[in-house]
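> would you be able to build a 3D model of this:
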Amino acid sequence: MKRLMSLWSRLAAEAADQCYTSATHDINTVMSRVEHEGLSFLTITLPDLGKSAQSWLDQGRVTNHPAFTRERGGSLPLFLGGFFSRVFDQSSGLLLEDPCVDSIRAIRQLTLMCGKMTLECSPARQRKALRNYLKCELELREFDSRVSESDLRDFEHMSNLLYRRIFTQMDRDIYYGRIVPKHGPGSTADGLSSNGKFRLQSWTTRLEQAGLTAGENLLPNWRYHGLLEGIQFDEPGSETPVKVVLVPKTLKTPRVIAMEPTCMQYMQQGILRSFLEHFGKDDFLPKVIGFDDQTPNQELACQGSLDQRTATLDLSDASDRVSNQLVRSMLRRYPHLGAAVDATRSRRAVVDGHGVIRLAKYASMGSALCFPIEAMVFTTLIFMGIQRSLNKPLYRRNLHGFVGSVRVYGDDLIVPVDHVTSVVRMLEHFGARVGTSKSFWTGKFRESCGKEYFNGQDVSIVRVRQEFPARRQDVTKVESLVSLRNQLYLSGYWKTCAWLDDGCKKLLDGNFPVVLPSASVLGRVSFLGFETQRMHPRLHSPLVKGYVVKAKPPKDPLEGAGALLKCLLKLDSDASLRDSIPWRQPDIEDTRNLAGPRLSSFGLTPIVASDHLDRSGRPKSSSMKLGWRSPL
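Below you'll find the model as predicted:
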């Protein structure tokens, strides 16, 4: 706590110097309130002020905040008053014609920097998060009961206009058995290990009926058909439900996710692969929907803050508010695809303290199809809102006119300001909830995908993600501290970085060299380049002495049919990757873990990680090793 307070105090003093003001009173206020309120002041109360300040920028004036008193006879908060007075008028509270961008950035940095620390919530807040999860279910059921057939027809028509080509190809893939499944990296409801997933012993009759059969997806080839006798086929009423769990997000509330059963996750990944393959070939959708690159959203947010032509919207509990009824309507014209998507959806969830409940939502975070499905649903609703605002039907040929003004990345939405009211109304009519505190379209402030802009200038901040490490063995916290130091350096807080450098050097026994951002060694980034402590004796390249983080996957041996299946799935995962793999003749070492027909039966063997059949999964712990490494 003391070091976190010291960090805040030094940042406040340095930001005050940059903005030609004083933060002495602010530092004393924070020290006093942290003493009485604890860490929650930094992680909950201050971030709430920061969110209010963002709304004030959007609305163009300051309103009252219950946790902070105003200046006597003025309209601005007394706390951080020196910064606020350079952004808003002291008497009226209105946004200045030419506000100080450095002060806007400082206000955001000092209020929001600790808002997303990965800390364990109190049991009361955890119980509240689970109650909110159940509340979402009740609200979705209410939506399902009141939505009209006309609304569903309109939704189906617009989604068909957008996705007909992709869905048609995916429908064929499922019909002809072209789905290549894949095991995801995360935990599953049945608790199987990473390699243990390839020894899967349970399947569902719903998957079988949808054409996603166990024989085609669990066996390396049909010579192993005898293994099907050990597979348990679950009827709908006896399927393993998803397991709702809480993971750290902020001290205010945890993140609620759902762990899917292994067989569901396995086939979800296969359908996702088919979707991404056809999605990338579409001439329009990749221009308005993103799945792996946030940069277009960030660029549009920057442009929107400058010309005020686009709005940025953020949805609360986005994935938990996508009704399965909408997804069924979207896929109604594609029987094979609709059946497969429905078969890979878990219908029930087990919630701690509440038992097993039936789900009205399509899926929670944890499903491989959650992110693309919600993006497609939100994109459909956006264009429905635009169509209603224009009061004329949209056609495929004129959708291209919205490239550059519509962009969706999960629950981060960018829409034209001219149609934003209609879009918001449409989203909420279909069950979504627009977060007003993180949606902007009135002023010159915009936020999307972790970047914030005011009038075309970047006012993004550096966030503290972990507590300060007490010892070098706290590897995750040490990594986070080094990352924090380097981000602050690149943001211009050099005096604060000098203080952090002293702490890092003590923590790392003085081994904290100057390196480039791409270096594997833990070091400090500098605009002056990197240092060279000695040259490599053979390669004649620069070396520095520092710590490198090592994390080994846990031991998880796999052999027999499961090992063969894993290797074959690696080959079938991507045709383009298969064409680029270097081949050579197999030897005994290549096939030592395979039983029965081996890869040598094909005459060729790909060069893959030599120990993936011995070790697999996410590392459970990490360590640091001191040595000589490249600073590049």
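> quick one: residues contacting Pro241.
Pro241 makes contacts with 189, 261, 346-350, 356, as judged by CB atoms under 8 Å, 6 or more residues apart in numbering. C-betas here are computed from N, CA, C, even on glycine.
> can I get those in JSON lines including pLDDT, neighbour count and secondary structure?
Formatted as JSON lines, the contacts of Pro241 follow (pLDDT from 0 to 100; neighbours: other CB atoms under 10 Å; DSSP: H, G, I helix; E, B strand; the rest coil):
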{"residue": "Ala189", "pLDDT": "93", "neighbour count": "23", "secondary structure": "coil"}
{"residue": "Pro261", "pLDDT": "96", "neighbour count": "22", "secondary structure": "coil"}
{"residue": "Ser346", "pLDDT": "95", "neighbour count": "24", "secondary structure": "coil"}
{"residue": "Arg347", "pLDDT": "95", "neighbour count": "15", "secondary structure": "coil"}
{"residue": "Arg348", "pLDDT": "95", "neighbour count": "14", "secondary structure": "strand"}
{"residue": "Ala349", "pLDDT": "95", "neighbour count": "24", "secondary structure": "strand"}
{"residue": "Val350", "pLDDT": "95", "neighbour count": "17", "secondary structure": "strand"}
{"residue": "Val356", "pLDDT": "94", "neighbour count": "9", "secondary structure": "strand"}
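> columns distance to Cys136 on top of the residues you listed, output as TSV?
As requested, the contacts of Pro241 are arranged in TSV below (distance: CB to CB, whole Å):
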residue	distance to Cys136
Ala189	20
Pro261	21
Ser346	16
Arg347	16
Arg348	15
Ala349	12
Val350	16
Val356	17
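> let me see the contact set for the residue nearest the centre of the chain.
The centroid of the chain falls nearest to Gly410 when counting by CA atoms, centre = their mean (8.6 Å). Shown in contact with Gly410 (CB under 8 Å, 6+ apart): 318, 371, 374-375.
> which one of these is nearest Asn455?
Proximity of these to Asn455 was ranked by CB to CB; the top entry is Ala318 with 28.1 Å.
> based on its surroundings, how many neighbours for the closest residue to that closest one other than its chain neighbours?
Excluding its sequence neighbours, the residue lying closest to Ala318 (CB to CB, 6 or more residues apart in numbering) is Asp411, at 3.4 Å. Neighbourhood size, Asp411 [other CB atoms under 10 Å]: 22.
> Asp411 against Asp314, yeah?
Yes. The criterion here is CB atoms under 8 Å, and Asp411 meets it with Asp314 at 6.5 Å.
> OK, contacts around Gln303?
309-310, 456.
> Arg465 now?
Each residue near Arg465 by CB under 8 Å, 6+ apart is listed here: 116-118, 480, 483-484.
> at 7 Å instead, please
Listed by CB atoms under 7 Å, 6 or more residues apart in numbering, the contact set of Arg465 reads 116-118, 480.
> again, but for Phe143
Neighbours of Phe143 in contact, by CB under 7 Å, 6+ apart: 323, 431.
> so how far is Ala349 from it?
Taking CB to CB, to the nearest Å as the measure, Phe143 falls 18 Å from Ala349.
> for Leu276, same thing?
Going from Leu276 to Ala349 by CB to CB gives 26 Å.
> ditto for Glu374
Distance from Glu374 to Ala349, counting by CB to CB: 17 Å.
> ok, now Thr43?
Distance of Thr43 to Ala349, computed by CB to CB: 29 Å.
> what of Ala318?
Distance from Ala318 to Ala349, by CB to CB: 17 Å.
> Ala67 now?
Ala67 is 36 Å from Ala349, where distance means CB to CB.
> by mean pLDDT, which helix or strand of this protein comes out lowest?
Counting by mean pLDDT, DSSP states H and E, the chain has its least confident helix or strand at strand 583-584, which shows a mean of 32.
> could I get the buried residue list for the longest strand that the chain contains?
The single longest strand within the chain, with elements called by DSSP state E, is strand 542-550. By 16 or more other CB atoms under 10 Å, the buried positions in strand 542-550 come out as 542-547, 549.
> could you dump these to TSV with distance to Glu208?
Output for those, formatted as TSV (distance: CB to CB, whole Å):
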residue	distance to Glu208
Pro542	59
Leu543	58
Val544	58
Lys545	59
Gly546	55
Tyr547	52
Val549	45
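> which among the residues you listed gets closest to Pro77?
Closest to Pro77, out of all of the buried residues of strand 542-550 and judged by CB to CB, is Val549, at 41.4 Å.
> now do the same contact list for that closest one.
Contacts of Val549 were listed using CB under 7 Å, 6+ apart, and they are 475, 479, 622, 624.
> among those, which ones are buried?
Among those, those classed as buried by 16+ other CB under 10 Å are 475, 479, 624.
> any idea of the pLDDT on the closest residue in space to the second one that isn't next to it in sequence?
Okay, so that is Glu479. Once flanking residues are discounted, Glu479 sits nearest to Val549: 6.1 Å by CB to CB, 6+ apart. At Val549, the model reports a pLDDT of 92.
> what's the distance between Val549 and Gly456?
Applying CB to CB, the value for Val549 to Gly456 is 38 Å.
> next one: Cys504
According to CB to CB, Cys504 and Gly456 sit 35 Å apart.
> Met384 now?
Distance of Met384 to Gly456, computed by CB to CB: 31 Å.
> neighbours of Thr24, just the number please.
Thr24 has 12 neighbours, counted by other CB under 10 Å.
> any stretches of the stretch 401-550 of the chain with poor pLDDT?
Across the stretch 401-550 of the chain, nothing is flagged by pLDDT under 70.
> can you tell me the closest non-neighbouring residue to the residue of the chain most remote from its centre?
Taking CA atoms, centre = their mean, the residue of the chain most remote from its mean C-alpha position is Gly73, at 44.3 Å. Nearest residue to Gly73, sequence neighbours excluded (CB to CB, 6+ apart): Ser91, at 7.9 Å.
> ok, now which ones touch Thr240?
189-190, 261.
> before we move on, back to that, of the contacts of Gly410, just say which sits nearest to Ala519.
Out of the contacts of Gly410, the member with the shortest distance to Ala519 (by CB to CB) is Phe371, at 31.8 Å.
> confirm the closest one sits in a helix?
Yes. Checked against DSSP: H, G, I helix; E, B strand; the rest coil, Phe371 lies within a helix.
> how much space is there between the closest residue in space to it that isn't next to it in sequence and Asp474?
Here the nearest residue to Phe371 in space, its sequence neighbours aside, is Gly410; by CB to CB, 6+ apart that works out to 5.8 Å. Noted for Gly410: a distance of 31 Å to Asp474, by CB to CB.
> quick one: contacts for Met113?
The neighbours of Met113, taking CB under 7 Å, 6+ apart as the test, are 461-464.
> and the gap between it and Lys197?
Taking CB to CB, one finds Met113 at 39 Å from Lys197.
> next one: His612
Counting by CB to CB - His612 and Lys197 are separated by 13 Å.
> so Pro248 sits right up against Arg125, yeah?
No. Using CB atoms under 7 Å, Pro248 makes no contact with Arg125, being 11.3 Å away.
> before we move on, the earlier item: and the residue nearest to Gly73, helix, strand or coil?
Ser91 falls in the coil class when you classify it by three-state DSSP.
> per-residue confidence at it?
90.
> for it, grab phi and psi.
Ser91 adopts backbone torsions of phi -90, psi -50, taken as degrees, to the nearest 10.
> so it touches Gly74, yeah?
Yes. Counting by CB under 7 Å, Ser91 does reach Gly74; the two are 6.2 Å apart.
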